[in-house]
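>>> Here's a sequence, model it:
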Amino acid sequence: MLKKLLQYNPITIQCHDNPDADALASGYALYRFFEKNGKDVSFIYSGFNKIQKSNLVLMQQELQIPIKYYEKEQQGIHFPGLLLTVDCQYGAGNVTEFFADEYAIIDHHRIECDNVDMSLIQPALGSCSTLVWNLLEREGFHVTDDEGVGTALYYGLFTDTNQFSELSNPLDRDAMDLLPHNQSLITLFKNSNISFSELDVASTAMRGYHYERTNKYAIIRSQPCDPNILGLISDFFLQVDGVDSCVVFNENGGGYKLSVRSCVKEINASDLVAFLCNEVGSGGGHYEKAGGFISKKLLAEKMGDVVIEEFIGKKMETYFATYEIIYASSYEADITTMKKYSKKQIPFGYVKADEILPLGTPITVRTLEGDFDFSVEQDLYIIIGIKGEVYTNKKAKFEAAYEKEDIPYVFEECVISPDYVPQIKNRIDGTTLVLTDYAKRCRTTGVVSIYVKQLEKSVKVFPIWDKERYMTGKPGDYLAVRSDDLHDVYIIENKIFQCSYEETES
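Predicted coordinates for the structure are as follows:
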């Protein structure tokens, strides 16, 4: 997309009114890109107030971000050439209206405006800084920190994901790992983040909580504030004895910002926030910390005139009533009610972990499904499935279920959605390996079978290979039990099951 925009001159970059760190960072990085490509470029914002928050003032000063303020009353000004809105969408309610010859959008929020042809909107990303970093890297414009661009983008991601606690997309995690930055400046910015008035907001919110004793969760409403303050409130509240999870929220522009926390393994904060925001917004994050956004417009369309506290309360009740929890190590499957299937003869990828890293190396495998941590063991096989999903087998189970092939493994040919190539991060030295660079091809033997039943109710399964994190299955997915080990219980997503398995005779 950036190459296409280089045909315009001059270029005006506009971020949303009352910009945050992510808006400043993504706009500044694009400013430097266009400047280095010889364009006459300017960076602007509007709103009722100039930037006042102490961390943003410091960011603007220390990184020398050349952003210009236009008073709200100046709306309607015409800028020649291209007007590019960043971290926002032209025509949305949080963007003062200016005019230009052409318009473009680069944003990571839910789609609000669909009347601009040159739009790149990726709501799955945690920050616009991630999107801009990825665009620049793909153009061969490798981000350095010579002019503070890396520091700006790193801090934009840091703040928009509540200090990295709400990272859900692997590209966000890649940006966190790879963006060069000045750690001293990051420390300065983040330690100038809370004002005394925001401290008052936090203390007031914590006095007005609602606590539900049966399922041990709390709901707290806060006054409008920086998203990081919501995280501060939720982190503090989770330390209260008897609170297993909490939801802190406030009104934020066209909707409600949520910060979710959990301290028990049976509640994945990322799953919980996705459940709360389903069909009315979006959310994601980590197992213990997550964040989301509920759109007022979507909420009204789905629920009519509903009070937000009542909506969240009812959704929480539904969440706890929805799931059956299965601990595979003690689960007794009734296979008489299940059908027998085996894997189809389709290609998979595999990597023998100790052939690429030393035994005992702690690693993180990064996939679209999330990050998975374990250590390299002898005869541990990492398998790449048809959706790019990753799982592990020990040698005996691998050899029983798969046969190795002498055909090269090509990721794009063997998966149905090659959206993100799985990677391995060495947690000792921080190096990253692309898993597919080392993958070899294998094919299922069809010898090992499984018993399955289609789910009518949502379940959480703690498999025998990970007793601390569960797999989620929703109605329509499949509960699977390996025929040669009835305690090897796991979930198979409906789409993967339909592509990968065929019924066998009992």
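
>>> C-alpha only now, for contacts and for neighbours.
OK.

>>> In this structure, where is pLDDT below threshold?
Within the chain, the segments meeting pLDDT under 70 span 227-228, 369, 506.

>>> Need the residue closest to the centroid of it.
What sits nearest the mean C-alpha location of the chain, by Cα atoms, centre = their mean, is Ser168, with 2.1 Å.

>>> In three-state terms, label it for me.
Secondary structure, DSSP: H, G, I helix; E, B strand; the rest coil: Ser168 is coil.

>>> Now do Ala333 against Ala480, distance only.
10 Å (Cα to Cα, to the nearest Å).

>>> Sorry, slip of the keys, the one I care about is Ala218.
For Ala218, the distance to Ala480 equals 34 Å [Cα to Cα].

>>> Next: Phe34.
Phe34 sits 53 Å away from Ala480, going by Cα to Cα.

>>> neighbour-wise, which of the two wins?
Ranked by neighbour count (other Cα atoms under 10 Å), Phe34 and Ala480 place Ala480 first, with 24 against 19.

>>> SS state for the spatially closest residue to that one that is not a sequence neighbour?
Once flanking residues are discounted, Ala480 sits nearest to Val452: 4.5 Å by Cα to Cα, 6 or more residues apart in numbering. Here Val452 is recorded as strand under three-state DSSP.

>>> Tell me the strands beside the host helix or strand of Arg261, with direction?
Element membership of Arg261, judged by DSSP states H and E, is strand 255-262. Strand 255-262 pairs in its sheet with strand 245-252 (antiparallel), strand 289-295 (antiparallel), by DSSP bridges.

>>> Would you map the helices across the stretch 301-450 of the chain?
Here the stretch 301-450 of the chain has its helices, by DSSP state H, counting those that start in this stretch, at 308-322, 395-401, 411-414.

>>> Any idea how far the last one is from the middle of the chain?
Right, the one you point to is helix 411-414. In terms of Cα atoms, centre = their mean, to the nearest Å, the centre of helix 411-414 is set 24 Å apart from its chain centre.

>>> So which elements touch that helix?
In this structure, helix 411-414 packs against strand 347-352, with contacts taken as 3 or more Cα pairs under 8 Å, 6 or more residues apart in numbering; DSSP states H and E.

>>> Give the other helices and strands that the strand it packs on contacts.
strand 380-384, helix 411-414, strand 440-444.

>>> Show me the one of those that comes nearest Val421.
Taking Cα to Cα, helix 411-414 is the member of the helices and strands packed on strand 347-352 nearest to Val421, at 7.9 Å.

>>> Give me the buried stretch members for that closest one, please.
Burial within helix 411-414, assessed by neighbour count using 16 or more other Cα atoms under 10 Å, is assigned to 411, 414.

>>> repeat for stretch 237-255
Quick answer for stretch 237-255 (16+ other Cα under 10 Å): 237-238, 243-252, 255.

>>> Name the surrounding residues that touch it.
Residues from elsewhere that reach stretch 237-255 (Cα atoms under 8 Å, 6 or more residues apart in numbering): 93-94, 206, 215-225, 230-231, 233-234, 256-264, 267, 293-297.

>>> and if you look at stretch 421-431?
Here stretch 421-431 has contacts from 361-368, 388, 390, 411, 432-436, using Cα under 8 Å, 6+ apart.

>>> Name the member of these with the most neighbours.
Within the contacts of stretch 421-431, most neighbours by other Cα under 10 Å means Arg366, with 26 neighbours.
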